[in-house]
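Asks: pasting a predicted model and its sequence here:
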Amino acid sequence: MKSNPALSAHTPTVADQDSHPRRGSAWLRVVPAMFLLAWGGNHFTPLVHMYEEDGGYAIWQANLLLGMYVGGLIPGLLVASALSDRRGRKPILVAGTLAAIIGSVLLGIGFDLFWLLCVGRVLAGVGVGVAMSVGTSWIKELSFPPFDHKAGITAGARRPALTLTVGFAMGAAVTGCLAQWGPLPEMIPYAVHAVLSIAALIIVCTAPETLTREHRSVQHWWRGLRIPLVGHRTFIRLIIPAAPWVFAAAGVAYAVMPALVQNALGEWTTMYATVLTVVTLGAGALVQNLVPRINKWTGGRALVVGLTFMTIGMGLAVVAALVADPIVAFVVAIVLGIAYGICVVAGLVIVQAIAEPKDLAGITGVYYSLAYSGFLLPTVLAALLPVMPYSVSLGAVALVCLLSLGCVSLASKSRA
């Protein structure tokens, strides 16, 4: 397996050193924009109950709004990554941030207009997709020479993953609190996000571009949608079986668990869902910096460790479905959050190791597309409720997760 720091073909020069005297901190200029793009993607989650109760929307409409941003996410992941390989990282991330700002404006003024809410959610999804593919690639490149000479080998995976995770968590936390106790809950959370995003947009414009003209793709952007690395042996055997569980864990933790215990919570369902979201993503954020040590202790098998936690968490989710206890559901959120945090970084480390600079954004986009496919799991489980209770469907999920763990374990052993 290749170990290739981003932009390895670029040799630092005296001009490079003079132009960025605080080179090691350049990646921090991208962080606020990525953080707020993630915030904008997840701050709708605690509001689903509010749209049902106060907005008069049917359950299917509220759930559709929750999932609508996937319609913007996939193009944001794949098309934006191809465009950034041709045009550079900065202009595409700036465009994604502008899309997210417009999305929040539409969501804030569209409480009574379902179609406007749908458009706003799609634009929020575009922003998240751009953050995950282009933003992740940009921070990865800024975490290696000539932009950063001190970062560890896994910093390019840990930094963007942690930024996204904290953004997802803070977006849900702030919005949930504003919706529970603040004025105009249908408007203020979106206004706060839009204002902060404008400030982040100003900051990201000062970050250095990493993909210089000589390293950019010369083919038309739509040809960049073809990503040969998808056929790489490592990608097929390790990433494809593992990636969907990344956001399947998050989805089960903060979408399914609150539904299991809502009868015991009453009017506090929104706040409980907010707490579970923060706990899940907070546990994920705390464990992400441990992934390099886990890889060291296990001989590069952090992904296996993450899937082990995933399987345990899905098994505990079956118990939560049987007892319908908020405390058990809380424990499930912690275990699945740990699994999410380990798997998302471990997967990124593997993807970045097999990628050349010109392929990095594209393969990162594919990785996150696979990861986000797992976010559809709660919708599938809810659709099966008329014929299959959560205890049964989650049991089936746990068995499939165990099978994925076995496949990845065997592939990791043969790869070692």
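Replies: It's in.
Asks: please enumerate the helices of the stretch 51-200 of the chain.
Replies: 59-68, 70-87, 89-109, 114-130, 136-142, 155-181, 188-204 (DSSP state H, counting those that start in this stretch).
Asks: out of these, which gets nearest to A346?
Replies: Smallest distance to A346 across these (Cβ to Cβ): 8.3 Å, for helix 155-181. C-beta coordinates here come from the backbone N, C-alpha and C atoms, glycine included.
Asks: now that closest one: average pLDDT?
Replies: Averaged over helix 155-181, pLDDT sits at 86.
Asks: okay, now the unreliable bits of the chain?
Replies: Applying pLDDT under 70 to the chain flags residues 1-24, 59, 63, 212-229, 231, 357-358, 361, 414-416.
Asks: okay, now the domains of it?
Replies: 29-211, 226-416 (automatic domain parsing).
Asks: would TSV of the ones you listed with mean neighbour count be doable?
Replies: As requested, the domains of the chain are exported to TSV (neighbours: other Cβ atoms under 10 Å):
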stretch	mean neighbour count
domain 29-211	22
domain 226-416	21
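Asks: measure M68 to T136 for me?
Replies: Distance, M68 to T136, by Cβ to Cβ, to the nearest Å: 23 Å.
Asks: sorry, slip of the keys, the one I care about is A396.
Replies: 32 Å.
Asks: got it, and A382?
Replies: 30 Å.
Asks: check G313 too.
Replies: In terms of Cβ to Cβ, G313 sits 25 Å off from T136.
Asks: also L384?
Replies: 33 Å.
Asks: ok, L66 next?
Replies: Counting by Cβ to Cβ - L66 and T136 are separated by 24 Å.
Asks: kindly report the same for T206.
Replies: For T206, the distance to T136 - Cβ to Cβ - is 19 Å.
Asks: excluding its backbone neighbours, what's nearest the residue positioned nearest the centre of the chain?
Replies: The residue lying closest to the centre of the chain (Cα atoms, centre = their mean) is L164, at 5.8 Å. Among residues not flanking L164 along the chain, A38 sits closest, at 4.6 Å (Cβ to Cβ, 6 or more residues apart in numbering).
Asks: what is whichever strand or helix holds that neighbour packed up against?
Replies: Here A38 sits within helix 31-42, counting by DSSP states H and E. Contacts defined by 3 or more Cβ pairs under 8 Å, 6 or more residues apart in numbering; DSSP states H and E place helix 31-42 against helix 89-109, helix 114-130, helix 136-142, helix 155-181, helix 188-204.
Asks: turn the ones you listed into CSV, including distance to R233.
Replies: Converted to CSV, those look like this (distance: least, Cβ to Cβ, whole Å):
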stretch, distance to R233
helix 89-109, 28
helix 114-130, 27
helix 136-142, 22
helix 155-181, 20
helix 188-204, 36
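Asks: tell me which of the ones you listed sits nearest to C343.
Replies: helix 155-181 (10.0 Å).
Asks: specify the angle between the closest one and helix 31-42 in degrees.
Replies: An angle of 50 degrees separates the directions of helix 155-181 and helix 31-42 when computed by axes from the mean of the first three to the mean of the last three Cα atoms, to 10 degrees.
Asks: just how off-centre is helix 155-181 within its chain?
Replies: Its chain's C-alpha centre and that of helix 155-181 lie 10 Å apart, by Cα atoms, centre = their mean, to the nearest Å.
Asks: could you check the angle that helix makes with helix 188-204?
Replies: Using the same axes, to 10 degrees: helix 155-181 against helix 188-204 is 150 degrees.
Asks: show me what the helix or strand where I327 lies packs onto, helices and strands only.
Replies: Here I327 sits within helix 326-354, counting by DSSP H and E. Identification of packing neighbours for helix 326-354 by 3+ Cβ pairs under 8 Å, 6+ apart yields helix 155-181, helix 244-251, helix 257-261, helix 269-288, helix 291-298, helix 302-323, helix 360-373.
Asks: closest one to A411 among these?
Replies: helix 302-323 (9.3 Å).
Asks: which helices and strands sit right next to that closest one?
Replies: Against helix 302-323 (3+ Cβ pairs under 8 Å, 6+ apart) you get helix 240-242, helix 244-251, helix 257-261, helix 291-298, helix 326-354, helix 390-415.
Asks: ok, now with 6 Å
Replies: Contact partners of helix 302-323 among helices and strands, from 3 or more Cβ pairs under 6 Å, 6 or more residues apart in numbering; DSSP states H and E: helix 291-298, helix 326-354, helix 390-415.
Asks: contacts only, for A371.
Replies: Taking Cβ atoms under 6 Å, 6 or more residues apart in numbering, we find A371 in contact with 243, 246-247.
Asks: so can I have a markdown table of the residues you listed showing distance to V344?
Replies: Output for the contacts of A371, formatted as a markdown table (distance: Cβ to Cβ, whole Å):
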| residue | distance to V344 |
| --- | --- |
| A243 | 9 |
| V246 | 5 |
| F247 | 9 |
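Asks: from these, pick the one nearest S409.
Replies: A243 (15.8 Å).
Asks: phi, psi for the closest one please.
Replies: phi -60, psi -40 (degrees, to the nearest 10).
Asks: how close does the residue lying closest to it once chain neighbours are set aside get to E53?
Replies: Excluding its sequence neighbours, the residue lying closest to A243 (Cβ to Cβ, 6+ apart) is L370, at 3.8 Å. In this view, L370 and E53 are 35 Å apart by Cβ to Cβ.
Asks: then A264?
Replies: 17 Å.
Asks: ok, for L381, nearest residue in space, not its chain neighbours?
Replies: For L381, the spatially nearest residue (Cβ to Cβ, 6+ apart) is S393, at 5.0 Å.
Asks: returning to that earlier point: export the helices and strands packed on helix 302-323 to JSON lines and tack on distance to I236?
Replies: Shown next, in JSON lines, are the helices and strands packed on helix 302-323 (distance: least, Cβ to Cβ, whole Å):
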{"stretch": "helix 291-298", "distance to I236": "21"}
{"stretch": "helix 326-354", "distance to I236": "11"}
{"stretch": "helix 390-415", "distance to I236": "9"}
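Asks: to L116, which of those lies closest?
Replies: helix 326-354 (31.7 Å).
Asks: that closest one to helix 244-251, inter-axis angle?
Replies: 150 degrees.
Asks: mind checking how far helix 326-354 is from the chain centre?
Replies: 11 Å.
Asks: what's the distance between the closest residue to R29 other than its chain neighbours and K140?
Replies: Once flanking residues are discounted, R29 sits nearest to A207: 3.8 Å by Cβ to Cβ, 6+ apart. From A207 across to K140, the span is 13 Å (Cβ to Cβ).
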